[in-house]
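> attaching a predicted model along with its sequence, questions to come.
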Amino acid sequence: MLQSMSTILNEAYNKGYGIAQPDFINMGMAYMYLEAAQRANSPVILGFGEDYLKHSEGVTWRHLVKLIETLAEGYSIPVVLHLDHGSSYEACVQAISAGFTSVMIDGSALPFEENMEVTKKVVELARPVGVSVEGELGHVGKGEDTFHIGSSDESKLTDPELARIFVEQTGVDALAVSVGTVHGEYRGKPHIHLDLLADINKKVQIPLVLHGASGTGHDIIRQCVQRGVCKVNIYTDLAKVLIQQLVPDLKREKPDLITIIENVHQAVVEELLSYIKVLKVDKG
Ligand SMILES: [Zn+2]
């Protein structure tokens, strides 16, 4: 059964480890992520963006939820179905009505007060029905957009004091912060503001979320987890591995479809497993 992410994130926060949120665009990818999580005996948060519906096997949102529910039944780990970057209150209503167990309301491009207002409204809707809510303050912008689906812009770092007010006023279960990561690939070397992250963590005391973790490096991610990050969003590195595996396989003289699919599957499972292992760190 799918579950909300608040229980697993709070446990992760208290024990000092992180949980991966890989984004899927079809059932094949969701299946790869479930297998990786099962192999590591770890919970997993399956992230799905509003725009992905046209690429997935789900005809409607409700249909998509049913497909994921059925797929997840084969695994003994906690599985969360999370709306990634919900663009509006209406999008969150749609996801919650369809059966998503968690939503992100991304008001990070809005003025502070408006972001708080819409986030609070989503929490008021979601909490009574047991759905968890992630908000974002500051703005994680876009690097190179080779693999990212959707649009974004320049980053704006999170202010720790505003984060404290935001969390207090909205009651979100988790807060996405902007501390130097980007969506897509980095232009140049990543520079992650670990001190800023530690300040935010001290002020808000709830699970923090790192968007755009791909390419940041395992060591830095580990240090982020030691500073309150409990949910780590990964897409670009998984897409990269998938394509890197696919291209040479397709160029073989006699490409065999079953082998191609199997190789892609294994490559993505291994890549996600490497992240899941990194997230299982002790508090420093
Ligand atoms: Zn994101």
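Perfect, I can see it now. In this text the structure is predicted, and so the values were computed from the model without any measurement.

> which parts of the stretch 1-150 of the chain are helices?
Using DSSP state H, counting those that start in this stretch, the helices found in the stretch 1-150 of the chain span residues 6-15, 27-39, 61-72, 89-98, 112-126.

> most tightly surrounded among those helices?
helix 27-39 (a mean of 20; mean count of other C-beta atoms under 10 Å). (C-beta placed from N, C-alpha, C; glycine too.)

> got the angle between it and helix 61-72?
Counting by axes from the mean of the first three to the mean of the last three C-alpha atoms, to 10 degrees, helix 27-39 lies at 40 degrees to helix 61-72.

> what's in contact with the longest helix along the chain?
The longest helix of the chain (DSSP state H) is helix 257-279. Under the criterion C-beta atoms under 8 Å, 6 or more residues apart in numbering, residues 17-20, 22, 28-29, 31-33, 35-37, 39-40, 42, 213, 218, 221-222, 225, 232, 234, 237-238, 241-242, 244-246, 249-250 lie in contact with helix 257-279.

> list the buried ones in that helix?
263-265, 267-269, 271-273, 275-276, 278-279 (16 or more other C-beta atoms under 10 Å).

> how close does residue 18 sit to residue 44?
With distances taken as C-beta to C-beta, to the nearest Å, residue 18 is found 12 Å from residue 44.

> more neighbours: these two, which one.
residue 18 (30 against 26; other C-beta atoms under 10 Å).

> model confidence for the more buried one, exactly?
In this model, residue 18 is scored at 98, pLDDT.

> equivalent analysis for residue 253, please.
89.

> and what of the one 3 residues further on?
Looking at residue 256, its pLDDT stands at 91.

> quick check: closest non-adjacent residue to residue 203.
residue 164 (4.0 Å; C-beta to C-beta, 6 or more residues apart in numbering).

> list the contacts of the helix or strand hosting that neighbour.
Here residue 164, judged by DSSP states H and E, is contained in helix 160-170. Outside helix 160-170, the residues that touch it by C-beta under 8 Å, 6+ apart are 112, 115-116, 119-120, 123, 135, 137-138, 172, 175, 177, 196, 199-200, 202-204, 206.

> just to revisit the earlier point, so of the contacts of helix 257-279, which ones are in strands?
Using DSSP state E, the members of the contacts of helix 257-279 that fall within strands are 19, 20, 22, 232, 234.

> partners of the last one in the sheet?
It refers to residue 234. residue 22 (DSSP bridges).
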